[in-house]
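[1] My questions concern the predicted model and sequence given below.
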Amino acid sequence: MKRDSMKLRILLYNILVVSLALVSFVLAILALVTKITLSQGPYRVVFTLIWLFFLIDYLVRFKRAKSKKDFLISNLFDLIALIPSHPIFIFFRIARIYTIVRYYNLLWRFGLSGKFTNALHKFLYDTGFIYLLSISLVILIFSSLIFASFEHDSLQNSLWWAISTATTVGYGDITPKTDGGKIISAVLMLGGIGFIGLLTSTITDFFTSQDTHVDQTEALKELTKQVNHLSRQVNQMQKELKKEQGQQKPAPNRSHKKKSGGH
C-alpha cells in the first residue's frame, strides 16, 4: 500500500514538472516572439516561481544522488536551464521532460523504442558525444555571459559572437573592445574551437564506423551464402560419388571358390 502511494506521489510530481516545463516554454516563446520581458510585469511572478521550483528540484536531486559527478554530467542541461539571464535557456528543460519519459518507458509503450533509440543511445553515450556537447555548451554559454558583462552588450548578441567565434566563422560584426573581452575571446578561440573540432570528428568517426560495420556485415552475409552453396555442392557430389561406387561394385569371384573346393 505504501509503495502504491509512493508511486502515485512520484507520478503526480512528474506531471507537475512536465506541466511547469511546458508553461515555461510558452513564456519563453512569448518573450522571444512578442518581445515581452520576463523580468518585470505580470509574467515576472510566474517566471520567478517556476524558476524557484526547478532550482529546488535540481538541488534536491543533487543531494540525493549517489554520485555527484555523474549527476552533474548527466543533468548538465538542467543546470543550464536554471540560468535566468535569457529566455532561450528555458528550452534546455526539454532534458528534464526526456528524463521523465525514459523513467516511465513511454517511448517503448508507444512503440517508438527499438532500433532507433538504441542507435541514438549508442551515438550519444558510447562515443562520448553527449559529454563533448555538454562541455562545448558550457564553454559557449559562460563565455557569452562573461563577454556580455565586459562589453556591456546583450546576451543575445554575445551568444551570436560566441558561436561565430567558436565555429571559426568570425563575421566580425561583434568584436571585443575591452581587455576582459579580448581575454575571454582568446580563451574561447583556444578551448572552444578544440571542443567543436572534437564534436565534428566524433560525428564523422561514428558514421564512418557505421558504414564500415554495414559493409563488413554485408560481406559476411555474402560469404556465408557462398559457403552454404559450396557445402550443398559438396554434399551433392558425395551422394553422386557413393551412387556411382555402388553401381560399379565388382561381382564375387565364383571360379576362385570352385578351384579351391576341388583342391
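    Nice, I can see it.
[2] For the chain, which segments are assigned as helices?
    Using DSSP state H, the helices assigned to the chain run over residues 2-33, 43-64, 68-74, 76-80, 94-103, 106-109, 115-121, 129-151, 155-166, 179-187, 193-247, 254-262.
[3] got JSON lines for these, with distance to Gly172, mean neighbour count and mean pLDDT too?
    All C-beta atoms are positioned from the backbone trio N, CA, C, and that covers glycine. Converted to JSON lines, those look like this (distance: least, C-beta to C-beta, whole Å; neighbours: other C-beta atoms under 10 Å; pLDDT from 0 to 100):
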{"stretch": "helix 2-33", "distance to Gly172": "26", "mean neighbour count": "13", "mean pLDDT": "88"}
{"stretch": "helix 43-64", "distance to Gly172": "35", "mean neighbour count": "14", "mean pLDDT": "92"}
{"stretch": "helix 68-74", "distance to Gly172": "35", "mean neighbour count": "13", "mean pLDDT": "84"}
{"stretch": "helix 76-80", "distance to Gly172": "28", "mean neighbour count": "19", "mean pLDDT": "87"}
{"stretch": "helix 94-103", "distance to Gly172": "33", "mean neighbour count": "15", "mean pLDDT": "86"}
{"stretch": "helix 106-109", "distance to Gly172": "44", "mean neighbour count": "12", "mean pLDDT": "70"}
{"stretch": "helix 115-121", "distance to Gly172": "37", "mean neighbour count": "11", "mean pLDDT": "66"}
{"stretch": "helix 129-151", "distance to Gly172": "15", "mean neighbour count": "19", "mean pLDDT": "84"}
{"stretch": "helix 155-166", "distance to Gly172": "9", "mean neighbour count": "20", "mean pLDDT": "84"}
{"stretch": "helix 179-187", "distance to Gly172": "12", "mean neighbour count": "16", "mean pLDDT": "89"}
{"stretch": "helix 193-247", "distance to Gly172": "16", "mean neighbour count": "11", "mean pLDDT": "71"}
{"stretch": "helix 254-262", "distance to Gly172": "110", "mean neighbour count": "8", "mean pLDDT": "50"}
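[4] just so I know, which of the ones you listed lies nearest His86?
    Closest to His86 of the helices of the chain, according to C-beta to C-beta: helix 155-166, at 4.6 Å.
[5] relative to helix 129-151, how tilted is the closest one?
    Angular relation of helix 155-166 and helix 129-151 on a 0 to 180 degree scale: 120 degrees, by axes from the mean of the first three to the mean of the last three C-alpha atoms, to 10 degrees.
[6] Begin at 439, not 1, for the rest of this chat.
    That works, and once the first residue is 439, the last one we named lands at helix 593-604.
[7] With only the CA atoms kept, save helix 593-604 in PDB.
    Extracted in PDB, the C-alpha atoms of helix 593-604 (Å, rounded to 0.1, in the frame of the first residue of the first chain):
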ATOM      1  CA  LEU A 593      23.300  38.200 -24.000                       C
ATOM      2  CA  GLN A 594      21.700  37.600 -27.400                       C
ATOM      3  CA  ASN A 595      24.500  39.300 -29.200                       C
ATOM      4  CA  SER A 596      27.100  37.700 -27.000                       C
ATOM      5  CA  LEU A 597      25.700  34.200 -27.800                       C
ATOM      6  CA  TRP A 598      25.900  35.000 -31.500                       C
ATOM      7  CA  TRP A 599      29.500  36.300 -31.000                       C
ATOM      8  CA  ALA A 600      30.500  33.100 -29.100                       C
ATOM      9  CA  ILE A 601      29.000  30.700 -31.700                       C
ATOM     10  CA  SER A 602      30.600  32.500 -34.700                       C
ATOM     11  CA  THR A 603      33.900  32.700 -32.900                       C
ATOM     12  CA  ALA A 604      34.000  29.000 -31.700                       C
END
